[in-house]
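Undergrad: Here's a sequence, model it:
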Amino acid sequence: MEASQSPESTNTQQNQNPNNNYPNNSNSILSSTPVWPTIDGPLGLSEEESLSYARRFYKFGYALLPLLWAVNCFYFWPVLRHSRSFPRLRPYVVASAIGFSVFSVLLCSWVLTFAIGGEQLFGPTWDQLVMYNVADRLGLTGWS
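TA: Coordinates of the predicted model:
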């Protein structure tokens, strides 16, 4: 019986269903469970409180605390995951993700430069750059 239905009749049936706005998109936010701004779900913050916290985490990340950007991304993971949800909150969380990514790349490149390059890369200035010989330079190792 279903095979005898024309495509036009199935289209009208789909259009009559108000909950079926995106018939081919099974990952739609509308068809999934409620989306909360925080990983806590219904136990977490309201949307207004979330906006305040996300904004604070983002701004304090610039105060040489980029780990707060990672916390922001982790705590507001549902906002990152669902691109159409929480449009006021999303810019802060996405910017935090970008900021933490840039910070991580810079930190890793700095660490690898010193760990791999070392004295061969910097030459004679290497002794002035490293911190493990500060006690020797200040004369703090010989207590005699």
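Undergrad: Ser46: how many residues sit nearby?
TA: Ser46: 11 surrounding residues under other CB atoms under 10 Å. Glycine gets a C-beta too; all of them are placed from N, C-alpha and C.
Undergrad: again but with Leu106, I slipped
TA: 11.
Undergrad: Following whatever helix or strand Val79 lives in in sequence, what is the next regular element?
TA: For Val79, the element it lies in under DSSP states H and E is helix 77-81. Downstream of helix 77-81, the first helix or strand assigned by DSSP H and E is helix 90-112.
Undergrad: just checking, what packs against that following helix?
TA: For helix 90-112, the packing partners by 3 or more CB pairs under 8 Å, 6 or more residues apart in numbering; DSSP states H and E come out as helix 47-61, helix 67-75, helix 77-81.
Undergrad: Please work out which of these is packed deepest.
TA: helix 67-75 (a mean of 20; mean count of other CB atoms under 10 Å).
Undergrad: mean confidence score for that one?
TA: When pLDDT is averaged along helix 67-75, the result is 92.
Undergrad: what's the answer for stretch 79-86, then?
TA: 86.
Undergrad: now the end-to-end length of it.
TA: For stretch 79-86, the first-to-last residue distance is 7 Å (CA to CA, to the nearest Å).
Undergrad: pLDDT wise, what is the closest residue to Glu47 other than its chain neighbours at?
TA: Once flanking residues are discounted, Glu47 sits nearest to Pro37: 5.7 Å by CB to CB, 6 or more residues apart in numbering. With respect to pLDDT, Pro37 has a value of 82.
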